[in-house]
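In: Curious how this folds, go ahead:
(chains A and B)
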Amino acid sequence: MSLITSLARLEAVATGRAQPAATVRHRHLSQRPLVLVPLTTAGEAGAPLGALVGTDRDAPRLLVVPQPRDRDLRFAFLADLADIVLPYIEGYAEAVEAAERTETDPETGKRVKVEVELCADAPQLIVPSRAGIEFVRLLGRSMRFRRTAEQEPDTPYPAPPRVPLLGRWLTHYGERARVPGSALLLAATELLSRHWATGQSGLEDQHLGALLAWIDPPEGSSGAAAAREAELARDGDGQLLCPPAGPATDPAFDNKLLAPAIERYDRARTALAAAEDGLEADSRLGALTRAEEEIRGLVARVTLPTWDRVWRGLDLLRELPEGSRVEERWTRDRWSFTGHRDRVLAGEPPQPRRDDAVTAANKLAAREREQARLEAQEALDDPLVMAGRRLAGEAFAGEVTDVTMAYSEGKRPSPRPLVTVRTDDRPHLAERAKVYRSLGGRPQAAEFVGYADEDGERDADGAVVVLRIVDKMGRGKEPEEGSVPVKGDRVCFTLFEHEQRGGAKLPDPEDTPWTHGGPPGEPVTEAADPLTEEDVL
Amino acid sequence: MPPPRTTPQRAKALRHRLAELRGPDVPAKALDARALAALAANPGCSRRALLDGAGVNKAALASALGAPSAFGQSQFALTRGNAFEVRVKADGGAELLRLVREKLDPGAEPPERTYAPDLTASGPEGRTARTALALREAVEAGGWTLLDHPMLALDVAGSPAFLEPDAVVVHPDGSWTVVEIKSFPMLDGSADPAKVGAAARQAAVYVLALEEVAARLDPAPEVRHRVLLVCPKDFSNLPAASAVDIRKQRAVTARQLARLTRIEEIAAGLPEGTCFSPELPAEQLTAAVEAVPATYAPECLAACELAFHCRDRSRTAGAVTSLGRAVRAELGGLTTVEDVLAAARGESGDPDDPAVAALRRAAALRAEALAEAAESRSGELRGAACP
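Out: Sure, this is the predicted structure:
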């Protein structure tokens, strides 16, 4: 955390309201995101308890597993989830635009441009918190290797038809969420804490209710008091007024309300199974339905407040103007979505449990590249982020005080104007360091020549920096109009590059060196997780 | 340097003093996993050290102070955890011993019979003695032995803390292994690193306690520094095990234990009649708690029952640490919110102090950036209004 953000947090403490940590919105927000508020059963891996899901804030769909340890009920839940999520995702798969991509021609080995499809927009999933993203991954992992009755008629406990496909999509979304700056799957707490600094620590910011209380406190209340209320206030029954954003539930809720309700449900079910005639079965079915309704009511009670908060958070974020480079990053998300759509259409098997060496290295390299890209783009989009980089000596802004025309030596002299910038910042410039400024959205490079202060040194109040502009001035002998700053211009140069170059190309998976386990060999179909009779799950 | 050993008289006096602090007829609370985690998270906190050392029930204390802790365990998690542990230890621990041999000692002969001695005894002291005896017998007998829920004692800041590992296995070569059974899943061979770390820290404390038992035997048996972590495999209820090297956690914990502020000293500094019994009125309790200094940091929220109380105090005092240790670190000698903001506004502070200078620059840059953004936005609005 930079000193500027810390200062914002301290101001938030003093004013009782969150302070801006960004002046533009740094993530794309879909016009029609799918919000998912999942709940899980404590102590069980991948045993969902229920979820609120939907694209309409006024009409969320409530899905509940009345007995989370019952495999059939869990499958029914997942099938329902697939019936909501998959149509939403597939709704974006059809509308495409033509795009070009460079590919290696398999015969000639040359890089050629090929015409491909790119989905015009992509579905966006929003969950309340970081733990929600992890839960999406976990759900994806638990579903994608399941076998349906159609695939394997003899396996016991077949999964409902669309469940494995949902697992593959959720896995893709969970994996994409690990790429810095991606927006296919977002957590509301991370979005909000990226754009506002609260008067509490980063750990406490993971509580959606407390975070929103700082950003948007209720009338007449300070952020601190409202946040405390959100964290701790309980009703007469000992239940939190602001239930946790999940997927974990509050233990007091589990012990006091949920466990007795599930027990009543179990009893009603046993009674129904023991019914001897139709009349008795009818009345016991009524009791079972009532027991189920009770659990649905409980799950709705603890998910609805979170649902409303996620949408409220999205409202607040939409009030910020979108950063100008956000669209470019969203296009990368659209490529990611299109790529997975194509893999599904091509009938490729689900993502493996473990990546092979080359795929894993590629993923890591991509994440590093995207991290650098995100940092550069956020700084260029947002003066507040740039201020942090300037404070750190990684950028400097100032006024042009002098421009001297100069030319390179050689047969065809090119313009190499010397620009003198007076700045209050203290950049860490090494000899002949490259610096960059944004010129019409494209980076223009310059070279650090020296300090032009009287003593050739910089002092505590800043520096006078002489730079030599080296590119983006056109082909002619004279620089193109507007490509060289003039005296009196405000300019901002960064010491970091604006665009990221890819690293060295990795070998194809078939050529994995022995140091990294050698070629992965023939792809094997991953077996489904074994299901055993005595498993609790 | 190991802490000086307490003489029997002094130990008795301390026990008496700690019982007084706890309050009449309040039983001591054993040092549990959460207290151990808090120890690792915040070793410099006298308040936590004293209350844990005296066996005060901090959850009850926090409720009595009006800032109840948010900890609690869901009965679903409890049921699942217990069911899994029972399953792992079924058949006299045959499956567990198989896992220990496979992961830690593949050269040893396979366990033919499983021997699990009875460890019941009255009181923690009795159970500790019984455990030590069973360990000695197991080493002498040779072969594999499983100790189910043994009781170990560890000297924490001058008072004994009783610990109960899930299991300890004695190998045929006489060495000992700590087994931790957890109910978080090991998914495709990997588990949540934060949870594994917590389990490793917990196991390290057990290893330290076992080493004290081992040191009293001749020849001293080896306590293995690789523990066995047993978790449910993927989404099933089957056990998956992994050896976890805890040398680092052991070294860190040993160091922290050695430099823990002596409880004796903290207790000696308290006013006469200080008592933490939850039955006392809140003002009296607040005063008692305030008499022991605390070092609050947000990490405490995940580890200490008293954290909400300490956080309120820390915020009231305007301490910048309540925003995180990292914030505190970059502000130099400025420790309160008011001081920092006054220094940033240029109202106080020495401009030659690098922390103050950086703060003023940060404030100026922030104000400039916000003004720039506001200007460009109002410019856009104007542009939209009159095309």
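In: which residue sits closest to residue 344, ignoring its sequence neighbours?
Out: Since no chain was named, I'll use chain A. Nearest residue to A:Val344 in three dimensions, chain neighbours excluded: A:Arg168, at 6.6 Å (Cβ to Cβ, 6 or more residues apart in numbering or on different chains). C-beta here means a position set from N, CA and C on the backbone, and glycine is covered the same way.
In: That was the other one, I meant chain B.
Out: According to Cβ to Cβ, 6+ apart, the nearest residue to B:Ala344 is B:Ala363 (4.1 Å).
In: And B:Ser69, by the same measure?
Out: That would be B:Glu305: by Cβ to Cβ, 6+ apart, it lies 3.8 Å from B:Ser69.
In: interface residues of the stretch 51-200 of chain B facing chain A?
Out: B:67-68, B:70, B:72-81, B:83, B:183-185, B:187-189 (Cβ under 8 Å from any Cβ of the partner chain).
In: before we move on, the earlier item: which residues are in contact with the residue nearest to A:Val344?
Out: Applying Cβ atoms under 8 Å, 6 or more residues apart in numbering or on different chains to A:Arg168 gives the contacts A:140, A:143-144, A:340, A:344, A:350-351.
In: what's the farthest-apart pair in these?
Out: A:Met143 and A:His340 (15.2 Å; Cβ to Cβ).
In: ok so, going back, going through the residues of the stretch 51-200 of chain B next to chain A, which ones are buried?
Out: For these, a burial check counting by 16 or more other Cβ atoms under 10 Å in any protein chain shown picks out B:67-68, B:70, B:74-81, B:183-185, B:187.
In: for chain B, what helix or strand is lowest in average pLDDT?
Out: The helix or strand of chain B with the poorest confidence is helix B:33-41; it has a mean of 66 (mean pLDDT, DSSP states H and E).
In: Test my guess that A:Leu3 contacts B:Ala329.
Out: No: applying Cβ atoms under 8 Å, one finds A:Leu3 not in contact with B:Ala329, separated by 10.8 Å.
In: Between the two, tell me which one has more neighbours.
Out: A:Leu3 (22 against 11; other Cβ atoms under 10 Å in any protein chain shown).
In: So which bits of the stretch 151-300 of chain A are right by chain B?
Out: A:199-204, A:224, A:231-232, A:249-252, A:254-255, A:259.
In: now with 7 Å?
Out: A:200-204, A:224, A:232, A:251-252, A:254-255, A:259 (Cβ under 7 Å from any Cβ of the partner chain).
In: Return a PyMOL selection command for the buried portion of these.
Out: Only the buried entries of those go into this PyMOL selection, using 16+ other Cβ under 10 Å:
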select buried, chain A and resi 200+201+202+204+224+232+251+252+254+255
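In: Max pairwise distance over the residues of the stretch 151-300 of chain A next to chain B: which two?
Out: A:Ala224 and A:Ala259 (34.2 Å).
In: who touches stretch A:495-509?
Out: Under the contact criterion Cβ atoms under 7 Å, 6 or more residues apart in numbering or on different chains, stretch A:495-509 has outside partners A:356, A:358-359, A:361-362, A:365, A:369, A:372-373, A:376, A:380, A:394-395, A:427, A:433, A:435-436, A:438, A:443, A:519-520.
In: Who's the closest spatial neighbour of B:Asn42, skipping the chain neighbours?
Out: Nearest to B:Asn42 is B:Cys300, by Cβ to Cβ, 6+ apart, at 5.8 Å.
In: Was I right to think that neighbour contacts B:Leu39?
Out: No: the pair B:Cys300 and B:Leu39 does not pass the contact test of Cβ atoms under 7 Å, sitting 11.6 Å apart.
In: quick revisit: where is pLDDT lowest across the buried ones among the residues of the stretch 51-200 of chain B next to chain A?
Out: Least confident by pLDDT among those: that is B:Ala70, with 74.
In: Pull out the buried residues from stretch A:136-149.
Out: A:136-148.
In: Now do the strands in the stretch 351-500 of chain A.
Out: A:395-404, A:418-423, A:434-439, A:442-451, A:463-469, A:490-494 (DSSP state E, counting those that start in this stretch).
In: May I see those strands organised as a markdown table, with mean neighbour count added?
Out: Formatted as a markdown table, the strands of the stretch 351-500 of chain A follow (neighbours: other Cβ atoms under 10 Å in any protein chain shown):
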| stretch | mean neighbour count |
| --- | --- |
| strand A:395-404 | 18 |
| strand A:418-423 | 21 |
| strand A:434-439 | 20 |
| strand A:442-451 | 18 |
| strand A:463-469 | 21 |
| strand A:490-494 | 20 |
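In: As a markdown table, the ones you listed with distance to chain B and mean pLDDT would be great.
Out: Listed next are the strands of the stretch 351-500 of chain A as a markdown table, based on distance: least, Cβ to the nearest Cβ, whole Å; pLDDT from 0 to 100:
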| stretch | distance to chain B | mean pLDDT |
| --- | --- | --- |
| strand A:395-404 | 9 | 93 |
| strand A:418-423 | 12 | 93 |
| strand A:434-439 | 15 | 93 |
| strand A:442-451 | 19 | 92 |
| strand A:463-469 | 14 | 92 |
| strand A:490-494 | 10 | 94 |
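In: Reformat those as a markdown table; add distance to B:Thr286.
Out: Below are the strands of the stretch 351-500 of chain A laid out as a markdown table (distance: least, Cβ to Cβ, whole Å):
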| stretch | distance to B:Thr286 |
| --- | --- |
| strand A:395-404 | 49 |
| strand A:418-423 | 53 |
| strand A:434-439 | 57 |
| strand A:442-451 | 59 |
| strand A:463-469 | 54 |
| strand A:490-494 | 52 |
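In: if I look at the nearest residue to A:Gln371 once chain neighbours are set aside, how far off is A:Arg194?
Out: Nearest residue to A:Gln371, sequence neighbours excluded (Cβ to Cβ, 6+ apart): A:Pro180, at 4.2 Å. Distance of A:Pro180 to A:Arg194, computed by Cβ to Cβ, to the nearest Å: 11 Å.
In: Can you report phi and psi for A:Arg61?
Out: Backbone torsions of A:Arg61, given as degrees, to the nearest 10, read phi -90, psi 130.
In: residue contacts, it?
Out: A:53-54, A:84.
In: Just these: which are in strands?
Out: Among these, the subset assigned to strands under DSSP state E consists of A:53-54.
In: Most neighbours among the contacts of A:Arg61, which one?
Out: Highest neighbour count within those, by other Cβ under 10 Å: A:Val53, with 22 neighbours.
In: Surely B:Leu97 and B:Tyr115 touch.
Out: No: shown here, B:Leu97 and B:Tyr115 do not form a contact pair, counting by Cβ under 7 Å, at 9.6 Å.
In: ok, these two, which is more surrounded?
Out: B:Leu97 (25 against 18).
In: what's the burial count for B:Ala198?
Out: Neighbours of B:Ala198 (other Cβ under 10 Å): 22.
In: Using the three-state scheme, assign it.
Out: Following DSSP: H, G, I helix; E, B strand; the rest coil, the label given to B:Ala198 is helix.
In: follow-up on the earlier one: past the helix or strand that contains the residue nearest to A:Val344, which element shows up next along the chain?
Out: Applying DSSP states H and E as the criterion places A:Arg168 in helix A:163-176. Using DSSP H and E, the next helix or strand after helix A:163-176 towards the C-terminus is strand A:185-187.
In: Measure how far that next one is from the centre of its chain, please.
Out: Offset of strand A:185-187 from its chain centre (Cα atoms, centre = their mean, to the nearest Å): 4 Å.
In: For the next helix or strand after it, enumerate the helices and strands it packs against.
Out: Next helix or strand after strand A:185-187 toward the C-terminus (DSSP H and E): helix A:188-195. Using 3 or more Cβ pairs under 7 Å, 6 or more residues apart in numbering or on different chains; DSSP states H and E, the elements in contact with helix A:188-195 are helix A:208-215, helix A:278-318.
In: Could you export helix A:188-195 as CSV, CA atoms only?
Out: Below are the C-alpha coordinates for helix A:188-195, written out as CSV (Å, rounded to 0.1, in the frame of the first residue of the first chain):
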residue,chain,number,x,y,z
ALA,A,188,-17.7,-6.9,-5.0
THR,A,189,-15.4,-6.4,-2.0
GLU,A,190,-12.3,-6.3,-4.2
LEU,A,191,-14.0,-3.9,-6.6
LEU,A,192,-15.0,-1.5,-3.9
SER,A,193,-11.8,-1.6,-2.0
ARG,A,194,-9.9,-0.9,-5.2
HIS,A,195,-11.8,2.4,-5.6
